[in-house]
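> need a structure here:
(one chain, ligands or ions: 1)
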Amino acid sequence: MKRIHVSADREYDVCVDVDFKAELVELTKERTRVAIIFSESMKDRIPTFDSGDTEFFYLPIPDGEAGKSANVLSQAWNWLGAAGFTRTDLIVGIGGGAVTDFAGYLAASWLRGVDWVAIPTTVAGMVDAAVGGKTGINSDYGKNLIGAFHSPISVLIDPKWLDALSDRDFAAGLAEVVKCGFIRDQKILDLIKSKSLADIRSSREVTLELIERSVAVKALVVSGDFKESFDREILNYGHTFGHAVELLSKYSLRHGECVSIGMAYIAYLSEGLDLITPELRALHIETLVALGLPVIYKGAEWPELLAAMKLDKKSRGNSLRFVVISEVGKTQRLENPIESALHAAYERLCQ
Ligand SMILES: NC(=O)c1ccc[n+]([C@@H]2O[C@H](COP(=O)([O-])OP(=O)(O)OC[C@H]3O[C@@H](n4cnc5c(N)ncnc54)[C@H](O)[C@@H]3O)[C@@H](O)[C@H]2O)c1
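Residues are numbered from 1 along each chain as shown. Now for the predicted structure:
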């Protein structure tokens, strides 16, 4: 087991390669009540806990984004109230990023903040959503518009969960791993090089090292800039265009797939502006394609995409900004690049 420390609104560890059940029993020993939040689709895989005097409650929520709603949250508040949840009780989220986002926000909002534990079960959850303390739900006006910064007391990463994950979800999570490689860790790119999705899935060792390294990148960044004043923005590499694609595809694509398209776009844009070499642009495309991730997008007209990028919450006022790299591990901010360059990069992405 490897512990990666995060120093944010609280100090906590992300424990990679643990037996989540054994670890959770330890963490809950002193608690009177523990609420386990999970998605309905995973109910057959959630174990029953029985430890000492601790009382365990189980709350299934709708799968995926449907669970991250104000209605479901309101039901969960009533349910915690009926169970008599106090400030010293514990909330546990077991699931993909949707469940840990929800469980974290439930914990942030109940009694102005109770402790919670994240047990991510997807690659995206392990390397991204469960680490960093951003919690939240969706509103009718967009994804993740309601939320709070509220770190868990512990993140337990048990790779056994990944056995049942679909190839599509596994690959989508790897898009965030590739992102961590380009912004901070050459070794991630070396590990992925010349490997297909099947090669990675079949090697527990490679999978764990990729997870560990990506968590370490995120832990380092959020420990330096918890509330995203500047440094944390580098985690948005590929996300400005990616969020626009996510919105225009009406969330039919996975978040990671949109990030993959967004990284391909930023590679074309950066090459067009002479910020990176053609070789580094090619490395983006080849790495993503080898994992079965999308690097072509022609689902919208350019003016719609431009407008959607300007709506992105990472844009400030009317300015459009991107995270770019000049070489692997060297990030910088690009503000308001000329529109002809933006459009030309889109034309290359369509080919
Ligand atoms: N808080 C953050 O910093 C942050 C960062 C990135 C993403 N997110 C959020 O995370 C969510 C996306 O996360 P996701 O990609 O994990 O999607 P998800 O939580 O919707 O899970 C994807 C699907 O996989 C299923 N699943 C989960 N674990 C499984 C397993 N072990 N085996 C088989 N199936 C399993 C789920 O039931 C679901 O159908 C979004 O809501 C996004 O906004 C949050």
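> helix/strand/coil for Tyr12?
Classification of Tyr12 using DSSP: H, G, I helix; E, B strand; the rest coil returns strand.
> correct me, but it touches Pro152?
Yes: here Tyr12 reaches Pro152: they are 6.3 Å apart, a contact under Cβ atoms under 8 Å. All C-beta atoms are positioned from the backbone trio N, CA, C, and that covers glycine.
> okay, those two: which has more neighbours?
Ranked by neighbour count (other Cβ atoms under 10 Å), Tyr12 and Pro152 place Pro152 first, with 27 against 23.
> contact partners for the nearest residue to that one once chain neighbours are set aside?
Nearest non-adjacent residue to Pro152, counting by Cβ to Cβ, 6 or more residues apart in numbering: Ala118, 4.5 Å away. By Cβ atoms under 8 Å, 6 or more residues apart in numbering, Ala118 lies in contact with 93, 100, 103-104, 125, 130, 152, 154-156.
> hang on, Ala118 in a strand?
Yes: using three-state DSSP, the secondary structure at Ala118 is a strand.
> the contacts of Ala118 also near the ligand: which ones?
Gly125 (Cβ under 6 Å from any ligand atom).
> gap between Ala98 and Ile37?
Here Ala98 is placed at a distance of 11 Å from Ile37 (Cβ to Cβ, to the nearest Å).
> same deal with Tyr346?
Tyr346 is 40 Å from Ile37, where distance means Cβ to Cβ.
> same check on Trp110?
When Cβ to Cβ is the yardstick, Trp110 and Ile37 sit 12 Å from each other.
> now stretch 344-351, how far from the centre of its chain.
Offset of stretch 344-351 from its chain centre (Cα atoms, centre = their mean, to the nearest Å): 26 Å.
> with stretch 71-89 instead?
Offset of stretch 71-89 from its chain centre (Cα atoms, centre = their mean): 26 Å.
> can you list the buried residues in it?
By neighbour count on 16 or more other Cβ atoms under 10 Å, the buried set for stretch 71-89 is 72-73, 76, 80, 85, 89.
> if we can go back for a sec, which one of Ala98 and Ile37 is surrounded by more residues?
More crowded of Ala98 and Ile37, by other Cβ under 10 Å: Ile37, with 27 against 24.
> so the more buried one: helix, strand or coil?
Of the three states, Ile37 takes strand according to three-state DSSP.
> what bridges to it?
Judged by DSSP bridges, the bridge partners of Ile37 are Leu59, Gly93.
> hang on, the earlier thing: now, the contacts of Ala118 that are in strands?
Counted as lying in strands by DSSP state E, out of the contacts of Ala118, are 93, 154-156.
> any idea how this structure splits into domains?
Domain assignment for the chain by automatic domain parsing gives 2-163, 167-350.
> so the spatially closest residue to Ala70 that is not a sequence neighbour, which state does it fall into?
What sits nearest to Ala70 in space, not counting adjacent residues and going by Cβ to Cβ, 6+ apart, is Ile137, at 6.4 Å. Following three-state DSSP, Ile137 is assigned to strand.
> what sits up against stretch 187-204?
Residues outside stretch 187-204 that contact it (Cβ under 8 Å, 6+ apart) are 159, 162, 167, 170-171, 174, 177-178, 180-182, 206-207, 209-210, 213-214, 217, 283, 287, 290-292, 328.
> what do you get if the cut-off is 7 Å, keeping everything else the same?
Applying Cβ atoms under 7 Å, 6 or more residues apart in numbering, the set of residues contacting stretch 187-204 from outside is 159, 167, 170-171, 177-178, 180-181, 206-207, 209-210, 213-214, 287, 290-292, 328.
> just checking, Trp110 touches Arg87?
No: contact criterion Cβ atoms under 7 Å: Trp110 and Arg87 do not qualify, at 8.7 Å.
> so which residues on the stretch 1-150 of the chain come close to the ligand?
Proximity of the stretch 1-150 of the chain to the ligand, by Cβ under 6 Å from any ligand atom, involves residues 39, 41-42, 63-65, 68, 95-99, 101, 121-122, 124-125, 128-129, 132, 134, 143-144.
> mind running it again at 5 Å?
For the stretch 1-150 of the chain, the contact set with the ligand under Cβ under 5 Å from any ligand atom comprises 39, 41, 63-64, 96-98, 121-122, 124-125, 128-129, 132, 134.
> which of these are buried?
39, 63, 96-98, 121-122, 124-125, 128-129, 132, 134.
> so where's the protein shaky on pLDDT?
Along the chain, segments meeting pLDDT under 70 span 226-230, 313-318.
> and if we set it to 90?
50-53, 140-144, 194, 224-232, 250-251, 310-319, 351 (pLDDT under 90).
> ranges for the helices of it?
With DSSP state H, the ranges of helices along the chain come out as 20-28, 70-83, 97-109, 123-124, 167-183, 186-192, 197-202, 204-224, 239-248, 255-272, 278-290, 302-311, 339-350.
> much appreciated, bye for now.
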